Each structure stands twice: as C-alpha cells, then as structure tokens.
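Enquirer: return atomic coordinates for the entry below.
(chains A and B)
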Amino acid sequence: MPAKSDIKAEAARLFSAFQLAGAMPVETDLLQPSDLLLDLYGEDIRARAYVTSDAIRGEQMLRPDFTVPIVQSHMKDGAEPARYTYMGDVFRKQDAGTGRASEYMQVGYEVFDRADPAAADAEVFALFADVLKDAPLQASVGDIGILIAAVQGLTTSDRRRAALMRHIWRPKRFRALLDRFAGRADMPPGRVELIGALEGLDVDQIVQGAGPEIGLRSAPEVSARLNALREDMQVGPIPAEELDAVSALLALSTSAERAAGELADIATRFGAIKSAAQGFAQRLNALKARGVDVGAVAYEGSYGRTSMEYYDGFVFGFAVNGSAPVASGGRYDALTRVLGQGREIPAVGGVIRPELLLEVRS
Amino acid sequence: MSLKLGVPSKGRLMEDTFAWFGARGITLERTGSDREYAGAVSGAQGVELILMSAGEIPRELAAGRIDLGVTGTDLVREKIALWPEQIETLVELGFGFADLIIAVPRFWADVSTLDDLDAVAASFRAKHGFRLRIATKYHRLVREHLKEAGVADYQLVDSQGATEGTIKNGTAEAVADITSTGATLEANHLKVLGGDPVLKSQATLFASKTSELSGDDRTALVGLKAKLGL
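Expert: Residues are numbered from 1 along each chain as shown, chains lettered A, B, ... in the order given. So this is what the prediction gives:
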C-alpha cells in the first residue's frame, strides 16, 4: 500500500490534468442523505455503504461515490455544457476476504454535453488513456446501450421485456429470465398449477377466499397480477435466432476494432440492434480520431453490468487482468433523468483510483 | 483459569441444554437464587458455566471471551460476518429447531416463490412509489438470500419483535422471521414462501477459535469432548 502522501500527490496530478482538460473543480459533502441512494440502488447499497444515524438529519451515508451528488447539483443549477472534476475519499464496505480498501481516494471527470455524445464518450476515454499512459493497464470497453436495444427488440410481451430490462444489471437473474422466456427453462415451481387452478373461476373470488386483506398491497393488485400471469402463460417463446443473438452479444469478447464488424454481423440476424451497433461504430471512429489505438482496446459484451452501477451506454475500464479496475466509467443518461425531475442531459464520466495506479506503476 | 462454557440463561433453550449435557453425564445447574445468573458444573473437570443471553453468545465466542457456547446457528450467522474464521461448530444438539423464512399475506394468491416476490416488488414500487418493505431483524442473512435469488426493489425495515404484526399495522408488506411451528404466522394471516428457507437453525455447541487456552484448559477440553463423544 503506497503512502498516503504519495496517493494525495498522485491524486493532485490527475486533478490538475482534468482541470487542464477544461473541467471545473467541484466539491461534494461527505455525508449524503441515505434515502436518495437507497432509492437508486436498493438494499445493495446498505451492504456496501457506511450508514450513520443522526437524530435530526436522519440516516446519512458516508459518500459511496461522487457521481450521484454531482449529477444532483448539476441538474439543480448547472450551466450547459459542463465539465467537472473532483477528488476525495469514498467509503465502501468490502466483502470478507477480498482485502480491498474500504476508504479510498477517487479523482473523477464528468461531462454533461448534448452536442455529440459519441465525441464526449471518446473525449473521456482518450483523456483517461492519456493520464494513465505510463501504467501497464489493459483498457476494456463495452456498450450497455446495445444490450438495451436488444431487449427492447425482442419478440415477446411488454411485461417480459420490462422484466428483462429491470434485471439487465444482474447477469445471473437476467440469464434465468431470458432462458425462461425463450422456453429453455421451466416456469417457477407451482406456476403452471396455479394458472390451471384459475381456469373458469373468478380471480377476485379466489383472492377473497385466500385470506383476509391486510397490508398496503390491495386485493385488486393481487387480482391484477393473477390476470397478468394468466396472460403471460399464453405468450410464445422468444424466437431461437433472437435468443442466439442476445447470447452472442453477451459473450462477445474481442478487440474494440473487430467488435464493430462482429456487432454489424449480429445486426444482420437481429435488426433491433442495428442502430445501437452503428452508434458503437461511431464511438470507435471518434476514438480513432483522438488517436486511440482501438486494436489494443478489448471489447467485452457484458462489461459494466454490476448492480452498483447505473451505466446505460458506452462503458470502459482500465485494469491489470483480474484485479479491481484502476479506472472505470461510462455513460449514464438515465441517471440524469431520475435525478433531474423531468429534465435530462446526456452525461458520461469516470473515476481513477490513484492508490491502485501507484501500485500498478511500482 | 478454567474452560468457559456459555449457555443461554433462561427458558426452554437453557433447560434443553442442561438436559443434553445431563444425558452425557455432565450436570449443569444454576446456583444461588432464581434471579442470580451463576452456575455450577459437575461431571467434567475444569469447566466453568457462564449463563448469558443467547444473543450475546456469538459475539463472546468470536471475541474469545468464552471458549465454548450454546446458541442458535441463526444468531452466529447473522451477527458474525466472518464466523467460520472465528467460530467452530462442534455438534448440533437436535433441539431449538427454527427456520428463518420469508412470509407474505395469505391472500396474496399470486405469490408462492421468490420469483413472484421479485415481480410483486417491481409493480408495488411502480404503484406506491417506494420499495416493498420486508420487516426483519436478520438483515444480513435476508439481504444475502434475496441478492442470491436476484430479488430487487425491496427494502428491509428493522423489527426487533412482534414482526408478524407489521403487515397489518401497515409498516411492512412482507416479513422475514424465525418460525418453529408456523402458528404465529397462521394467526396473523401469513403464509411462508416455497423453496428453501433463508436458513435452517438449531441449537448448536460452538467453540471459539480465538480464545487462548492454557495447558489445563486443553486437558479440560479433551476430557469434555471425550465425555460428549466428540
């Protein structure tokens, strides 16, 4: 573990490089109200963030990341376009046995710009590649936007598409649902019997007969879902060629340079991803225009799919194979919509962990 | 110094523990008045009985302040994150059976699995504007279980007692609690979700991996284990 003073010096170097690139330095509070973070991340955040309590301010969390407060403050009163940089500590509980630090510095760079999202993605990636160029790191990219387009384009019911969308950041659950909706895995135990038992009966009466109505979830909500389940039994399986295309997208592992061709190839079999695949090709061109050697950048079809993230487009990371990434980032347009209360702006950014960078360099 | 054995200080769990040791030729008993938490051991050399709250036994074992202890598996797993590194299971005692389960109102005719609960959580959040609330005191175990199953859009709310009543009181939509017979659930118009419980628990004799044993303590432990047939 490098000395704290060295980590701070390295952070300061990155922080000034980001300012030179045109970003405005910003600060955020260490204590963040936990209701917003809980609403965004769910219970997972409680397992990851340090929760403190205060008789007056209520539950507060020690800042688990910068992006959320920065998006919040930008959506409140930020000028457009905007480029921000920040440096400071974040706090995250770590799983047993990983030996990962639970308090560490991050230096970040965020771009809020409507003009040309592909160029903004390339700008952030190229800037990171530049400040990290003397470290032996493998750069990887992915594009969650392609996966989202694929889900939206599946031949199935709206409800099934929504269920898949909701679990896009939970790879295991997503796969289980996809296989079920494609008829390759069974329905949950008891589902077929349950629907069979509804045959010819009044759903409301079944609900009434099952027990007294208690709690906030009402009997009509229960009836509505029973009716939805009955409809769901009639939905045909996702066609095999679409399932194969999604599987191919998830499994794609190649260089960024070749990925564009592979994606175009998948798009000929599954047209729904055509425009998203072209979007990736544009990003690739924007990266080349900035001098990035895209032949040396890896493309991973499942990159950036973790439950603590909010990325919904281009994603990237710089890492030594198998270790926690030294730097990571991506596009998070949807987050600005959630925090913008009716307003939104395309946004992309990332963070570097200076102490990991020092470790890799030494 | 002697080998410190922590045993729940009251109720059924204490009586059953005393009976279990008694059946193996070791008499544990409370001494002094009914209200005094002092105990005596006969039939095993160099062992000291310490009566304490079952809920504190996991922490005391992990810290090495007691060498042996009887408590429920559920409490050890909930309270001690790295428990296999700090606590060793010696023997399951065959009583104090209880499952940590997730239960929902019985009239939820559409829900019988975690898969259903996940889907309901999504529509509940869309309709009510907040995440479906599950009342429990077993936060860590329940969170890990639901994460493994890919359940999203829920929140845990703390309930240290009378958990089954929270749904009727409007402070939760589902509960996760320990049950042995299911009678309380039934009385509160709840049903248990199908599939494996979050945890199957029973009274268990644990040994601390962190306590420091003197030579005499080691001798006492060997003698005790022999008597218990371990």
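
Enquirer: is the longest strand seen in chain B in proximity to chain A?
Expert: Assignment by DSSP state E gives strand B:98-105 as the longest strand of chain B. Yes. Remark: strand B:98-105 sits within contact range of chain A at B:Pro105, by C-beta under 8 Å from any C-beta of the partner chain. Yep, even glycine has a C-beta here, placed from its N, CA and C like the rest.

Enquirer: so which elements touch that strand?
Expert: Judged by 3 or more C-beta pairs under 8 Å, 6 or more residues apart in numbering or on different chains; DSSP states H and E, strand B:98-105 is in contact with helix B:114-128, helix B:139-149, strand B:174-179, strand B:190-192, strand B:199-201.

Enquirer: most tightly packed of the ones you listed?
Expert: strand B:174-179 (a mean of 24; mean count of other C-beta atoms under 10 Å in any protein chain shown).

Enquirer: and that one, average pLDDT?
Expert: Mean pLDDT, strand B:174-179: 94.

Enquirer: list the contacts of it.
Expert: Outside strand B:174-179, the residues within contact range by C-beta atoms under 8 Å, 6 or more residues apart in numbering or on different chains are B:74, B:98-104, B:117, B:132-138, B:142, B:154, B:156, B:159, B:163-164, B:166-167, B:185, B:190, B:192, B:198, B:201.

Enquirer: now the closest residue in space to A:Asp186 that isn't next to it in sequence: which helix or strand?
Expert: Excluding its sequence neighbours, the residue lying closest to A:Asp186 (C-beta to C-beta, 6 or more residues apart in numbering or on different chains) is A:Arg180, at 7.2 Å. Secondary-structure assignment from DSSP states H and E places A:Arg180 in helix A:171-181.

Enquirer: what's near enough to touch A:Thr254?
Expert: Residues counted as contacts of A:Thr254 (C-beta under 8 Å, 6+ apart) are A:Glu262, A:Ala298, A:Tyr299.

Enquirer: and if we set it to 7 Å?
Expert: The contact partners of A:Thr254, taken as C-beta atoms under 7 Å, 6 or more residues apart in numbering or on different chains, are A:Glu262, A:Tyr299.

Enquirer: please report how far it lies from A:Arg269.
Expert: As judged by C-beta to C-beta, to the nearest Å, A:Thr254 and A:Arg269 stand 17 Å apart.

Enquirer: what lines up beside the longest strand of chain B in the sheet?
Expert: strand B:174-179 (antiparallel), strand B:190-192 (antiparallel), strand B:199-201 (antiparallel) (DSSP bridges).

Enquirer: what about the last one, distance to the chain center?
Expert: This points to strand B:199-201. Computed by C-alpha atoms, centre = their mean, to the nearest Å, the separation of strand B:199-201 from the middle of its chain amounts to 8 Å.

Enquirer: residues contacting it, please?
Expert: Contacts of strand B:199-201 (C-beta under 7 Å, 6+ apart): B:Gly72, B:Thr73, B:Asp74, B:Arg77, B:Ala98, B:Asp99, B:Leu100, B:Leu141, B:Ile178.

Enquirer: one more time with 10 Å, if that's ok
Expert: B:71-78, B:92, B:96-101, B:138, B:141-142, B:144-145, B:178, B:180 (C-beta atoms under 10 Å, 6 or more residues apart in numbering or on different chains).

Enquirer: is it true that A:Arg361 touches A:Ala135?
Expert: Yes. Between A:Arg361 and A:Ala135 there is a contact at 5.2 Å, judged by C-beta atoms under 10 Å.

Enquirer: mutual contacts of those two, please.
Expert: Joint contacts of A:Arg361 and A:Ala135 (C-beta under 10 Å, 6+ apart) are A:Val326.

Enquirer: how about the strands in the chain?
Expert: You didn't say which chain, so I picked chain A. According to DSSP E, chain A carries its strands in the segments A:24-25, A:31-33, A:51-52, A:60-62, A:82-91, A:103-112, A:138-143, A:253-255, A:298-300, A:314-319, A:327-331, A:347-352.

Enquirer: should've been chain B
Expert: Along chain B, the stretches classed as strands by DSSP E are B:3-8, B:27-31, B:38-42, B:47-52, B:68-72, B:87-92, B:98-105, B:132-136, B:154-158, B:174-179, B:190-192, B:199-201, B:203-208.
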